[in-house]
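A.B. asks: Got a predicted structure plus its sequence, pasted below:
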Amino acid sequence: MHDLKRLSIVSLLLGITIVPKSLAQSNTTDGGTNSTSPSNATAACQCGYLDPITDNVYSDSILVYLNETKQVPKDVFTVDTFSNPYEKGWFVYYREGAVAENVWFEEGSTWNLEPGWLSLNVSAYTPEHLVNGAQLQTVRQDIQYGTFRVFMMSPAPYAGGTALTMRLEHNETSSAELDLLNMDDSTDDACVQTSTGGQDPLTAWGVNYTTLEEPQYNVGPWDFWEYRMDWDAHQIDWYVGTNKTRTDSTLNASLVETPAGFYLKHWSNGDVSFMQGPPTNTSAASIGWVRLFFNSSMPSTSQMNSSSCDASQLCSTEDTTLRLSTAYTTEQTVRWKHEVTRSHRSKTVGIALIAASLAFSAALLIHALLRKWTDKRAANRTGVPVGTARPKMPTSPWPSEYLLSKSRPESYAWTTQTEMDDLKPTVPGASSTTLLAAEPQFLNKHDRSISHRPLLSHYDSTAASSQTAFTAGQQTPGANPFDTPGMERTGPYFGAFGASRDNGANGPTGARPGLYSTAPGMSAEASTADLLAKGAMLPEGEPEGSAAAAIPGARPTPAAQIPQTRTRVDYLAGLVAVCSLLVSCTHFMLTFVPSVIEEYLPEHYKSENWARRTIEPFFFNEIWVGLFFTTSTRFLTSGYLRNGNLKGVAEKVVCRCPRLMIPITAVILMEYFFMDLGAVRYLEYIPSITWSTWPSTALYTNFGFFINETLQLFYLIPNAAPQLTWNYCTGVLWTIPVQLQNSWVVLLGVVVIKEIKTPWKRFGYYAFCIINNWYAMSWGSYFWFGLMMADMDITYKYRKWVQARAYVHYPMLCVASALVFLSLGNDLFAIWTGWTFSTQERSLHPEVQSALPIGQTSDAGYPAYTEPKLNGLVFAVASQYIVELSTWVQAILSMKAFLLLFPHVFTIYLIHGFIFWSVGTLACVYFAGIGMVYWLNMLLTALICYATLFASVPIVTPVMEMLGKEITKGIWVAASEEPAPWRPSSYPFGAAKIRSMVYGNDDDGRGKGKGRASGD
């Protein structure tokens, strides 16, 4: 902006006083006030314009009185035609467009605007959710600072939410605007709103139309008003009539040194949080005149800077008789581009370092793969399995954790390793927490590699639990230099076989019978492989990873390889893999094809409606989550039901929370790190493409909020889960409090159940707990049913009894299949008939505040996604029954594809939403931007999403394994084993021995230097 200072100095020297004088002999007739101008102003205003109110001077102008013409001047404004492929906004489900047909002149007479004015219309939305409006923009794109005044009339009331906007814009973030919003409820919500930089406007930034109806304004809010924006280098001011309504910093608009274009448009995109709408019929808004006074970011055709101009020759911005638009050059019509200053420093060193690092990393990876491939070939030639089956610490906290084989790495599923005892045949006297206490035939069925490397005991139990193995052939026969003194091997936490060597076959005095005894027919030096080959058992009651699980001995002979057969492990792994895939598919559909699941949303194609009426209830149903709960309970409690050893329960109580939460916390941190970098920036564009109301996420204000809510996730009851569960991608974390809280319930419950010996009392207690949990709308009913099924199998052997009687087996399978079909088809029945079983069932439960049935309260309705449903409970129990007893189902779930996927199910469960909402949304927005048809867009997006997901899990899973397993292992060892006695750093050597090794026998050298030793 040009300031008056330079001109005023000349005026003072010449004795000129700038006093506005009347330039016209009478009042104007164009809806304005008396026009004033400096006395010596030329008719063409070549010297510029003066705002007498603010004393600001401008070089250029655009003055268009649309009541005096029948067409939009093409040298001043362009009439735009466009159709946006997508919009930005969490609640924007329609796309903005503009067509020239919606710009037309309407005849009428108001405020002396006869014979008419320019109308900008918005048409009703199309089936493709496109809302065509009208838009004008200045040909010039060099506008920099000025005063912008438009005489216009708001969209009509109750015509459907639209916005009449005057806007300065360079791009989305460099902008400032004023909007007239009629809103859906025009009586109370219609307002004048302002915003900058593409920010979501606040209510305090605007003026409600009810305020404009006050008497001092003389006219109503639905009439023509002059709306004004003043923009300078420091601030932007908004006016309604002569009243300033808001001031904001130019810096907030990112328009400090950025030229812009000026826009007038009438539009709608159905934004629920802004203008609402869109209209179902045509909505009109009107423009009377446009008066823009501004400076140019480029050399102007104005003569204001010439020596022939002084302050007295400036035209007044208040002169409504002016009809001038300053001439411009072609360069002034080109949108300004910011020139990025690039450093001229050489990047060769940085590129070289990156290339070297990548090459080194690639070489290490190739080397590791080659070694693995070479070892595998050698193992195939010799018949000796590669590696060792080391004693395992508690691993994953989810029910898909089965340690199938070395080729099937441990998963982060829903259970600990010791919960896998359910999958082994019962061996009298075997420990529920020792993986190796099984017959070799059973292990070979699972393709588990058996160690052929003798394990050496370390000098303390902690070292023994570190799973350190020595390759066969490297051990020197005779004394073990790291052997533990006999007095320490008699401790209750030390290895049994190590103790038996020093204390005889019967172990130390007072030892528990069988605890320190050697397996019959085996020497104390026998290896683990030898014991397993002869069907021997390890001592009872010792946890995995403890010293009792490590057996020093001679070199073993390879165990005979037995052909693999289908086992229960395979189909249970497949079951969890299928559930995890179906949950991810459900979330994909909710994000990208929501009308298949949500019947109240419009569909892009009729096929989506038919999919909802046919296959959706069976494949994209939230009740698949219930199987995670029932199966996790089975593996939590099976060990204690089999042997009654409380040490297994103690292990799960100690390890479950950290084993579950450490990997989850790591994944949450990773996701929010990438979200902070903008990984999900395109998610906000998805609602306008897919019309989905489901996806949304948010970042934290600071790290303290994140820590607070993550800690809450550990301990809050399920109904009080923190906001983290909804800010997280796809919100899957709501199941974590359910898992944790009900784990404590069933771990306590199984101890109680074990003490109830009478069957009718036992199952009466089950019925009491299940019914009460169902009535209280608690997920505990799922866990109690899982516990009951585990008890029926382990204690009462119901599977063998049923399978031996065909007249019971097949009718029960038919009944269970019918229950599964009816449970899944509950929504299908509701879609076709309109009657919803889940709503009626929910109305029976008590409302917490009033204790009345929910059906009698205002909270009545369909249950939320996170509320347990009766049909979901029936489905989980019936499905578990079918999987346990049907060989056909077991064969399907044992397919190799599911087993390859199984180790990564927990990773898939945690990160699939992030993949969909980052990579998937980027692909979807890109394909929409190039005009790709919707069905092909969704198909390619799905392929990209799942390809990225399957490529990511081999990278993420080992990281989660390392974090969760190692830390949990340390926690369990610290909780279950006595710490090693304190030893000096020179142990097992005395200080004298160390001194002699350092200084030799030369007494004269003693005491020299800083490393003098003292004392023996």
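C.D. replies: Nice, I can see it. Numbering: from 1, shown residues only.

A.B. asks: ok, so what distance separates residue 326 from residue 622?
C.D. replies: When distance is defined by Cβ to Cβ, to the nearest Å, residue 326 is 64 Å away from residue 622. Glycine gets a C-beta too; all of them are placed from N, C-alpha and C.

A.B. asks: Likewise for residue 140?
C.D. replies: Counting by Cβ to Cβ - residue 140 and residue 622 are separated by 56 Å.

A.B. asks: Ok, residue 704 next?
C.D. replies: 33 Å.

A.B. asks: of those two, who's got more company?
C.D. replies: More neighbours surround residue 622 than the other of residue 704 and residue 622, with 16 against 9 (other Cβ atoms under 10 Å).

A.B. asks: Excluding sequence neighbours, find me the nearest residue to the more buried one.
C.D. replies: residue 865 (5.7 Å; Cβ to Cβ, 6 or more residues apart in numbering).

A.B. asks: burial count for residue 64?
C.D. replies: Residue 64 is flanked by 20 other residues according to other Cβ under 10 Å.

A.B. asks: Ok, the one 3 residues further on next?
C.D. replies: Residues within reach of residue 67, counting by other Cβ under 10 Å, total 22.

A.B. asks: Please, which helix or strand holds the residue nearest to residue 622?
C.D. replies: Residue 865 belongs to no helix or strand when assigned by DSSP states H and E.

A.B. asks: I'd like the distance between it and residue 599.
C.D. replies: With Cβ to Cβ as the criterion, residue 865 and residue 599 are 15 Å apart.

A.B. asks: Could you check which of these two is surrounded by more residues?
C.D. replies: Comparing residue 865 with residue 599 by other Cβ under 10 Å, the one with more neighbours is residue 599, at 14 against 11.

A.B. asks: What residues does the nearest residue to that one once chain neighbours are set aside make contact with?
C.D. replies: Of all residues not flanking residue 599 in the chain, residue 612 sits nearest, at 5.9 Å (Cβ to Cβ, 6+ apart). When contacts are counted by Cβ atoms under 8 Å, 6 or more residues apart in numbering, residue 612 touches 595, 596, 597, 599, 831.

A.B. asks: quick one: least confident of those residues?
C.D. replies: Lowest in pLDDT among these is residue 599, which has 84.

A.B. asks: which helices and strands does the longest helix seen in the chain pack with?
C.D. replies: Counting residues, the longest helix in the chain under DSSP state H turns out to be helix 934-976. Judged by 3 or more Cβ pairs under 8 Å, 6 or more residues apart in numbering; DSSP states H and E, the packing partners of helix 934-976 are helix 568-592, helix 646-676, helix 905-915, helix 921-929.

A.B. asks: Swap in 6 Å and give it another go.
C.D. replies: If contacts are counted by 3 or more Cβ pairs under 6 Å, 6 or more residues apart in numbering; DSSP states H and E, helix 934-976 sits against helix 646-676, helix 905-915, helix 921-929.

A.B. asks: Strands along the stretch 301-450 of the chain, start to end?
C.D. replies: 315-316 (DSSP state E, counting those that start in this stretch).

A.B. asks: Low-confidence regions, it specifically.
C.D. replies: Within the stretch 301-450 of the chain, the ranges that satisfy pLDDT under 70 run 340-344, 383-450.

A.B. asks: what's the answer for the chain, then?
C.D. replies: Ranges of the chain meeting pLDDT under 70: 1-43, 111-112, 214-218, 340-344, 383-569, 717, 719, 1001-1016.

A.B. asks: Touching, residue 146 and residue 297? I think so.
C.D. replies: No - in this structure residue 146 lies outside contact range of residue 297 using Cβ atoms under 6 Å: 11.3 Å.

A.B. asks: out of those two, which sits in the more crowded spot?
C.D. replies: Using other Cβ under 10 Å, the more surrounded residue of residue 146 and residue 297 is residue 146, with 28 against 17.

A.B. asks: Three-state assignment for the more buried one, please.
C.D. replies: Here residue 146 is recorded as strand under DSSP: H, G, I helix; E, B strand; the rest coil.

A.B. asks: Quick test: name the residue nearest the centre of the protein.
C.D. replies: The residue lying closest to the centre of the chain (Cα atoms, centre = their mean) is residue 729, at 1.7 Å.

A.B. asks: any idea how far residue 679 is from it?
C.D. replies: 10 Å.

A.B. asks: contacts for stretch 751-760?
C.D. replies: 644, 762, 765 (Cβ atoms under 6 Å, 6 or more residues apart in numbering).

A.B. asks: The last one and residue 748, how far apart?
C.D. replies: When distances are taken as Cβ to Cβ, residue 765 and residue 748 turn out to be 13 Å apart.

A.B. asks: If you count surrounding residues, which of those two has more?
C.D. replies: When residue 765 and residue 748 are compared for neighbours, residue 765 comes out ahead with 16 against 12, by other Cβ under 10 Å.

A.B. asks: Quick check: buried residues in stretch 268-280?
C.D. replies: In terms of neighbour count (16 or more other Cβ atoms under 10 Å), stretch 268-280 has its buried residues at 268, 269, 270, 271, 274, 275, 276, 277, 278, 279.

A.B. asks: next one: stretch 787-802
C.D. replies: 787, 788, 789, 790, 791, 792, 793, 794, 798, 799, 802.

A.B. asks: which residues does the third one contact?
C.D. replies: For residue 789, the contacting residues are residue 880, taking Cβ under 6 Å, 6+ apart as the criterion.

A.B. asks: rerun at 7 Å
C.D. replies: 634, 880 (Cβ atoms under 7 Å, 6 or more residues apart in numbering).

A.B. asks: Would you mind measuring the gap between the ends of stretch 123-137?
C.D. replies: Start-to-end span of stretch 123-137 (Cα to Cα, to the nearest Å) is 20 Å.

A.B. asks: Next, the buried residues of it.
C.D. replies: For stretch 123-137, the neighbour count (16+ other Cβ under 10 Å) marks 123, 125, 129, 130, 131, 132, 133, 134, 135, 136, 137 as buried.

A.B. asks: how about those residues in TSV, adding secondary structure?
C.D. replies: Shown next, in TSV, are the buried residues of stretch 123-137 (three-state DSSP):
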residue	secondary structure
123	coil
125	coil
129	coil
130	strand
131	strand
132	strand
133	strand
134	strand
135	strand
136	strand
137	strand
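
A.B. asks: and residue 328, how many neighbours does it have?
C.D. replies: 21.
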